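**Student:** show me how the following folds:
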Amino acid sequence: DYQEVATPVAYGDTAQLIGYGLEMELPGASDSSSLQLLTLWEVLSPADSDLAIFAHLLDSNGAILSQDDRLGAPSWQWETGDRFAQIQWLDLPPGVALGDTVIALGMYDRDTNVRLQVSPCGSESGGSESGGSESGEPAPCPPGSTAIESDAPMTRVLLPVGEPTR
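**Tutor:** Below you'll find the predicted structure:
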């Protein structure tokens, strides 16, 4: 099952997350389980840099249990309005309780390792370059519209894991 994000989450003024889904891959020959994270994106403007998406599986203390950094749709080929899907694989440590985990999802420039700022209301509130408040933070979401929790620096969003489909 894949879910739309009720309010898109913009990364800078470049792209916005519009949906995501999780599937569990049960142990096979490798005797380990993994989560498949599918994210759905819409390009807001062409990118001038080589971007990557990171997915970090975090425990209840915020420690990274597993991570995957990649981008299958080269950012230098993006055009405004393009949509693409990205798959990330997160290996699950033995005995991990998925209900106690979240996935931190973000986007960064591969050359500088600088993360794009998150605006949890999508493109209408702007990214790191436009539409922000005087403090340099993204504009606040309309009441009740935030679909995904964001951490304080606003460079990643936290996706609940729960029990993914098998």
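**Student:** for the protein, what spans make up the strands?
**Tutor:** Residue ranges of the strands in the chain, as given by DSSP state E, are 2-11, 15-25, 34-43, 51-58, 64-70, 83-91, 102-109, 118-119, 149-150, 157-160.
**Student:** for those, which one sits closest to Trp76?
**Tutor:** Trp76 lies closest to strand 51-58 among the strands of the chain, at 8.7 Å (CB to CB). Every C-beta, even on glycine, is put in place using the N, C-alpha and C of the backbone.
**Student:** now that closest one against strand 34-43, angle please.
**Tutor:** 140 degrees (axes from the mean of the first three to the mean of the last three CA atoms, to 10 degrees).
**Student:** I'd like to know which elements strand 51-58 is packed against.
**Tutor:** Counting contacts by 3 or more CB pairs under 8 Å, 6 or more residues apart in numbering; DSSP states H and E, strand 51-58 is packed against strand 34-43, strand 64-70, strand 83-91, strand 102-109.
**Student:** list phi and psi for the closest residue to Thr112 other than its chain neighbours.
**Tutor:** Nearest residue to Thr112, sequence neighbours excluded (CB to CB, 6 or more residues apart in numbering): Ser49, at 7.7 Å. Per-residue torsions, Ser49: phi -130, psi 170 (degrees, to the nearest 10).
**Student:** any idea which of the strands of the chain is most buried?
**Tutor:** Most buried of the strands of the chain, by mean neighbour count (mean count of other CB atoms under 10 Å): strand 118-119, with a mean of 28.
**Student:** sheet partners, orientation included, of that strand?
**Tutor:** Strands adjacent to strand 118-119 in the sheet, as given by DSSP bridges, are strand 2-11 (antiparallel).
**Student:** nearest residue to Leu92 in space, please, no chain neighbours.
**Tutor:** Spatially, and ignoring its direct neighbours in sequence, Leu92 is nearest to Ser33 (4.5 Å; CB to CB, 6+ apart).
**Student:** surely that neighbour is in contact with Met24?
**Tutor:** Yes - look at Ser33 against Met24 with CB atoms under 8 Å: they come within range, at 6.3 Å.
**Student:** that older thread, check contacts around the residue nearest to Leu92.
**Tutor:** Residues counted as contacts of Ser33 (CB atoms under 8 Å, 6 or more residues apart in numbering) are Met24, Glu25, Leu26, Pro27, Asp91, Leu92.
**Student:** what pLDDT does it get?
**Tutor:** With respect to pLDDT, Ser33 has a value of 86.
**Student:** look up how far Gly72 lies from it.
**Tutor:** 23 Å (CB to CB, to the nearest Å).
**Student:** where does this protein have its least confident helix or strand?
**Tutor:** Within the chain, confidence by mean pLDDT, DSSP states H and E is lowest for strand 149-150 among all helices and strands, at a mean of 51.
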